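Asker: mind folding the following:
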Amino acid sequence: GGNPKMKSPETLLSTAALRRAMELWTDPHVLASCGDAMAPAASLAVTAVEYYRVHNLLCEEHLCNAHELVPGLAIDHLAMTCM
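Answerer: Okay, the predicted model is just below:
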């Protein structure tokens with residue numbers, strides 16, 4: 001929810017939730033402990049990447065850290081998770 005370019009409470013909360021979900025999904029320890037429970041995160045990742053792509057926000061410095069496609073989804077962690 002919300003436009004990632006805005007700083008509304010809704011946007012800040014949704015960005016923080018997305019970041020945490022993506023960090024958990026790509027964490028090898030979380031996947032080893034509860035991989036099946038994290039399966040829906042793949043759909044969230046695809047949806048988030050598509051949303052950020054449509055809004056021309058992929059890898060925007062003000063939203064993402066270095067090497068992230070969307071908040072919390074680092075490219076190298078994504079590759080390792082998908083393998």
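Asker: C-alpha from now on. contacts and neighbour counts both.
Answerer: Will do.
Asker: kindly check the end-to-end length of stretch 53-62 for me.
Answerer: Using CA to CA, to the nearest Å, the span of stretch 53-62 from its first residue to its last is 15 Å.
Asker: show me the helices in this protein, by range?
Answerer: Applying DSSP state H to the chain gives helices spanning 9-25, 28-34, 40-54, 75-82.
Asker: pull out the buried residues from the longest one.
Answerer: The one in question is helix 9-25. Within helix 9-25, the residues scored as buried using 16 or more other CA atoms under 10 Å are 11-12, 14-15, 18-19, 21-25.
Asker: nearest to residue 60 among the residues you listed?
Answerer: Nearest to residue 60 among the buried residues of helix 9-25 is residue 15, at 12.9 Å by CA to CA.
Asker: give me the pLDDT for the closest residue to the closest one other than its chain neighbours.
Answerer: Of all residues not flanking residue 15 in the chain, residue 71 sits nearest, at 6.8 Å (CA to CA, 6 or more residues apart in numbering). Listed pLDDT for residue 71 reads 90.
Asker: list the contacts of residue 71.
Answerer: 15-16, 18-19, 22, 63-65 (CA atoms under 8 Å, 6 or more residues apart in numbering).
Asker: what about it, distance to residue 56?
Answerer: Shown here: residue 71 relative to residue 56, a distance of 14 Å by CA to CA.
Asker: so how far is residue 15 from the residue of the chain most remote from its centre?
Answerer: For the chain, the C-alpha farthest from the mean C-alpha position belongs to residue 33; by CA atoms, centre = their mean, that distance is 20.0 Å. Distance from residue 33 to residue 15, counting by CA to CA: 25 Å.
Asker: having no further points to raise, I will conclude here.
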